[in-house]
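Engineer: Predicted model and sequence below, questions to follow.
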Amino acid sequence: MDAKDYVESVLEDIRRCSPGQEEFYQAATEVFHSLIPLLSEEKKYYEHSILERLVLPERSIIFKVTWVDDSGKVRTNLGYRVQFNSALGPYKGGLRFHPTVTLGIVKFLGFEQIFKNALTGLGIGGGKGGSNFDPKGKSDNEVMRFCQAFMNELYRHIGQTRDVPAGDIGVGAREIGYLFGQYKLLTARFEGSLTGKGVGWGGSLGRKEATGYGSVYFAEHILNKYGDELKGKKCCVSGAGNVATYTIEKLHKMGAIPITCSDSKGTIYHPAGIDVNTLKAIKEVGRESLEKYAQLHPDATYIPVHNYPEGGHAVWSIPCDVAFPSATQNELTIVDAKNLVKNGCILVNEGANMPTTLEAYEYLRAHGVHFGPAKAANAGGVAVSQLEMAQNASMQHWSFAEIDTRLFGIMKDIFTTADETAREFGEEGNLLLGANIAGFRRVADAMIDEGAV
């Protein structure tokens, strides 16, 4: 079968078998279309039905989570864990607590995680999980009770050599602490069953910074290839969570000027540069709206959501040299891509998972904008999670400097691998294609070696 026909037949199967899961279909479409040059050369992937096997999770777990709020009312939510692929090692991927979480969202995230984890060169498979529970507006006790109820089922399916969850949107240090505490109670084992733990009880220095720092390192490697650097560049960053905050922090350290951040209610534009200490105080400590940032910094502008451009995001309408979409999926649309091109943006580097729509990506590429794809650019988080697993297994504790040095090297290796693979297939500079093929090839070859399982 022709490679393109093979790809389209598998995508059609996804449409038929997974209706309504648009994000999962989008992720599979992006990956599989970029694999056509490889599939045209290597028939073994068709012969071993790798695409058909790859889009089916090895295990999908859906469960009820019952908990009690502060008023004594019983509440219910859905919990998910999709264990997608273990060809390279135990399942690894975060837990997301957000009202938009569905099986389709978890499958898209888990599918992306397979290739992201493969690109790190480390021995970890791909998985993802979460719940439609919303931590916003909940007391610490309510969050604790939910996490304990969630773990009452999840503990049956995870473990340090089986499946090692971590955090994601809505799951930070507080939630990981509650989850780990309940896991320890239920299993009577203190082990590396989750990552993102507190540094004082099995966590790794540099873990909370890792995704943001790694994203900035990846962007620097891209610019260095073309004789440029981040120093002095104006950078627009979306989001105000863990990824965005530490992207902003590292950009300052690299001599760049991060001028925006955003949350679900609005955007901050601060021409002098986002004050990362204020951002941390508002979001990590106070858990408040970014509107407070403008109150504390009169030279900053707050743009509420109702003033966003139609079909777009305020962050991407602000002129910048480099864009770091670091909030959520499909946040950068064709409207935003046109604004970025018009304003002279030279690089879009994805900190979030699949934040750029396919249409926006094609427009950016057609207009010569460099592009750092998520599965490569934001792999720093899972890379340091694996380093946390290694420290847990050996009962060691590495310094921040050692972790950061390893992270820089991993991100450089990921860039080199994606860049060289793109060149191998005659697509110089196409890091999306290079990352997808390189990650796929490592996983697919392992699947073939391990037999029809």
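Structural biologist: Noted; the coordinates are in hand.

Engineer: going forward, measure contacts between C-alpha atoms and count neighbours the same way
Structural biologist: Noted.

Engineer: Quote the end-to-end distance of stretch 289-299.
Structural biologist: 18 Å (Cα to Cα, to the nearest Å).

Engineer: gap between it and the chain center?
Structural biologist: 28 Å (Cα atoms, centre = their mean, to the nearest Å).

Engineer: Other residues contacting the worst-scoring helix or strand of the chain on mean pLDDT?
Structural biologist: Among the helical and strand segments of the chain, the one scoring lowest on mean pLDDT, DSSP states H and E is helix 380-394, with a mean of 93. When contacts are defined by Cα atoms under 8 Å, 6 or more residues apart in numbering, helix 380-394 is touched by residues 92-93, 117, 120, 122, 124, 160, 166, 191-192, 195-196, 202-204, 206-215, 397-398, 403, 407, 410-411.

Engineer: Go again with 6 Å.
Structural biologist: In this structure, residues lying in contact with helix 380-394 by Cα atoms under 6 Å, 6 or more residues apart in numbering are 192, 195, 204, 207, 210-211, 214, 397.

Engineer: What residues sit buried inside that helix?
Structural biologist: For helix 380-394, a neighbour-count test (16 or more other Cα atoms under 10 Å) marks 380-389, 391-392 as buried.

Engineer: just stretch 356-371 next, same as before
Structural biologist: 356-358, 360-361, 363-364, 369-371.

Engineer: can you pull out the strands in the stretch 251-400 of the chain?
Structural biologist: 257-258, 260-262, 266-269, 301-304, 322-324, 347-349, 370-372 (DSSP state E, counting those that start in this stretch).

Engineer: by contact count, what packs against the fourth one?
Structural biologist: Contacting strand 301-304 under the criterion 3 or more Cα pairs under 6 Å, 6 or more residues apart in numbering; DSSP states H and E are the following elements: strand 266-269.

Engineer: repeat that for 8 Å
Structural biologist: strand 266-269, helix 291-296 (3 or more Cα pairs under 8 Å, 6 or more residues apart in numbering; DSSP states H and E).

Engineer: Any idea how far it is from the middle of the chain?
Structural biologist: The answer for strand 301-304 is 26 Å, by Cα atoms, centre = their mean.

Engineer: repeat for the last one
Structural biologist: For strand 370-372, the distance between its averaged C-alpha position and the chain's averaged C-alpha position is 16 Å (Cα atoms, centre = their mean).

Engineer: Show the average pLDDT along that strand.
Structural biologist: Averaged over strand 370-372, pLDDT sits at 98.

Engineer: Equivalent analysis for the second one, please.
Structural biologist: The average of the pLDDT scores along strand 260-262 is 98.

Engineer: Name the residues that touch it?
Structural biologist: 235-240, 244, 267-270, 273-274, 290, 315.

Engineer: Output the below-cut-off pLDDT ranges for the stretch 51-200 of the chain.
Structural biologist: Of all residues in the stretch 51-200 of the chain, none has pLDDT under 70.

Engineer: Quick one: the helices in the stretch 151-300 of the chain, in order.
Structural biologist: Counting by DSSP state H, counting those that start in this stretch, the stretch 151-300 of the chain has helices at residues 173-187, 207-225, 242-253, 276-280, 291-296.

Engineer: what's the answer for the stretch 301-450 of the chain, then?
Structural biologist: Counting by DSSP H, counting those that start in this stretch, the helices of the stretch 301-450 of the chain are 334-342, 358-366, 374-377, 380-394, 400-424, 431-449.

Engineer: Columns distance to Glu249 on top of these, output as a markdown table?
Structural biologist: Shown next, in a markdown table, are those (distance: least, Cα to Cα, whole Å):
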| stretch | distance to Glu249 |
| --- | --- |
| helix 334-342 | 23 |
| helix 358-366 | 26 |
| helix 374-377 | 16 |
| helix 380-394 | 15 |
| helix 400-424 | 14 |
| helix 431-449 | 25 |
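
Engineer: helix or strand right after the helix or strand containing Phe24?
Structural biologist: Using DSSP states H and E, Phe24 maps to helix 22-34. Downstream of helix 22-34, the next assigned helix or strand under DSSP H and E is helix 36-41.

Engineer: biggest strand in this structure, by residue count?
Structural biologist: Ranked by residue count and defined by DSSP state E, the top strand of the chain is strand 74-85.

Engineer: what's in contact with that strand?
Structural biologist: 54, 56-69, 91, 103, 106-107, 110-111, 114, 125-133, 150, 154, 163.

Engineer: Measure how far it is from the centre of its chain, please.
Structural biologist: Using Cα atoms, centre = their mean, the offset of strand 74-85 from its chain centre is 18 Å.

Engineer: What of stretch 398-407?
Structural biologist: 21 Å.

Engineer: swap in stretch 438-447?
Structural biologist: 20 Å.

Engineer: do the same with stretch 92-108
Structural biologist: Centroid separation for stretch 92-108 versus its chain: 11 Å, with Cα atoms, centre = their mean.

Engineer: Give me the contact list for it.
Structural biologist: 20-25, 27-28, 57, 80-82, 84, 110, 113, 117, 124-135, 163-171, 382.

Engineer: List only buried entries from these.
Structural biologist: Taking 16+ other Cα under 10 Å as the criterion, what is buried in the contacts of stretch 92-108 is 21, 23-25, 27-28, 57, 80-82, 84, 110, 113, 117, 124-135, 163-171, 382.

Engineer: Return the residues in contact with the closest residue to Leu35 other than its chain neighbours.
Structural biologist: Take Leu35 and drop its neighbours on the chain: the residue closest to it by Cα to Cα, 6 or more residues apart in numbering is Ile437, 5.8 Å away. Neighbour list for Ile437: 34-35, 38, 421 [criterion: Cα under 8 Å, 6+ apart].

Engineer: Swap in 10 Å and give it another go.
Structural biologist: 31-32, 34-39, 115, 119, 417-418, 421-422, 425, 431 (Cα atoms under 10 Å, 6 or more residues apart in numbering).

Engineer: Of those, just say which sits nearest to Asn343.
Structural biologist: Closest approach between these and Asn343, by Cα to Cα: Leu431, at 22.7 Å.

Engineer: Can you tell me the strand partners of the longest strand of the chain and which way each runs?
Structural biologist: Strand pairing for strand 74-85, using DSSP bridges, gives strand 59-68 (antiparallel), strand 126-131 (antiparallel).
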